[in-house]
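Novice: Compute the structure for the input listed below.
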Amino acid sequence: MCKEGITTLIDPRAIIDPGAKLAADVEIGPWTYVGPNVEIDSGTVVHSHVVLKGPTKIGKNNRIFQFSSVGEDCQDKKYKGEPTRLEIGDNNIIREGCTIHRGTIQDNSVTKIGNNNLLMAYVHIGHDCVLSNDIIMANNAAIAGHVYISDGVILGGYSTVHQFCQVGPFSMTAAHTAVFKDIPAFVTVSGNPAAAHGMNYEGMRRRGYSAELIGVLRRCYRIIYRQGLTLKDAITELEQWSSEHEEVQRLINSLQSSNRGITR
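Specialist: Got it, this is the predicted structure:
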């Protein structure tokens, strides 16, 4: 790592704190600020007018676009300047004007973003959130503190997610959706407040799910949402397919882990 951050790939108009640690091939654009306790791994490109504050660790081959604020103090009145962290994995695209805040000591002191995620313009990631992998958050989507977003989720433009909600794997929200309860795996929701409207079947086809598997998940949806069962009884019904289909077990796991109740 190049502690001073002075390489031919760093624009001379950028401000790099001596306490920052940058891999030799990191690119930094003009008028970008990189503060102390920021670590950036190889292949990452940070465009102009970005603010990076720490403690923040950014992995490999990320692209961060102009006017984004990454690793700033969180918007929580309980926060008193503790050295909480932000961790970002590899191959993420963070578009213009995104805001990503560090964690709080009231949780695990860390906000985490995994790999291969696309955060479109003006997305907000609140404190203590955990984003897994292959997530798309469309323009102006925003998640409050302590939100968990699983693999493959798509949040439509201007969607909002209430604090402490869990968004299950490969689920999807329509534009302008307000989420106040947990979303089970594969389920598509829309509205304010959000309501379930089937599953993300097109996404399943694009991932190569067989017609048989999609049919099983359709039956699972009907069991959860159309038969008037309690959640406990619905899970019991779903277990008939769980040993044969990993995706059904993934759906069951998302139901069992819900603390706020599921979006109906």
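
Novice: burial count for the closest residue to G126 other than its chain neighbours?
Specialist: Excluding the flanking residues, the one nearest G126 by C-beta to C-beta, 6 or more residues apart in numbering is G145, at 4.2 Å. Bear in mind the C-beta positions are built from the backbone N, C-alpha and C, glycine included. Number of residues near G145 (other C-beta atoms under 10 Å) recorded here: 21.

Novice: If the most centrally placed residue in the chain is in a bridge, with which residues?
Specialist: Nearest to the centroid of the C-alpha atoms of the chain, with distances taken as C-alpha atoms, centre = their mean, sits L131, at 3.2 Å. Judged by DSSP bridges, the bridge partners of L131 are I113, I149.

Novice: Equivalent analysis for Y33, please.
Specialist: I15, V51.

Novice: Hmm, it is touching G54, no?
Specialist: No: Y33 lies out of contact with G54 (C-beta atoms under 8 Å); the separation is 11.3 Å.

Novice: With neighbour numbers in mind, choose between those two.
Specialist: Ranked by neighbour count (other C-beta under 10 Å), Y33 and G54 place G54 first, with 22 against 17.

Novice: quick check, the more buried one in a helix?
Specialist: No: read with DSSP: H, G, I helix; E, B strand; the rest coil, G54 is coil and lies in no helix.

Novice: Now do the contacts for it.
Specialist: Listed by C-beta atoms under 8 Å, 6 or more residues apart in numbering, the contact partners of G54 are A20, G35, P36, N37, V38, E39, G71, R85, L86.

Novice: re earlier: roughly how far apart are the residue nearest to G126 and P169?
Specialist: 21 Å (C-beta to C-beta, to the nearest Å).
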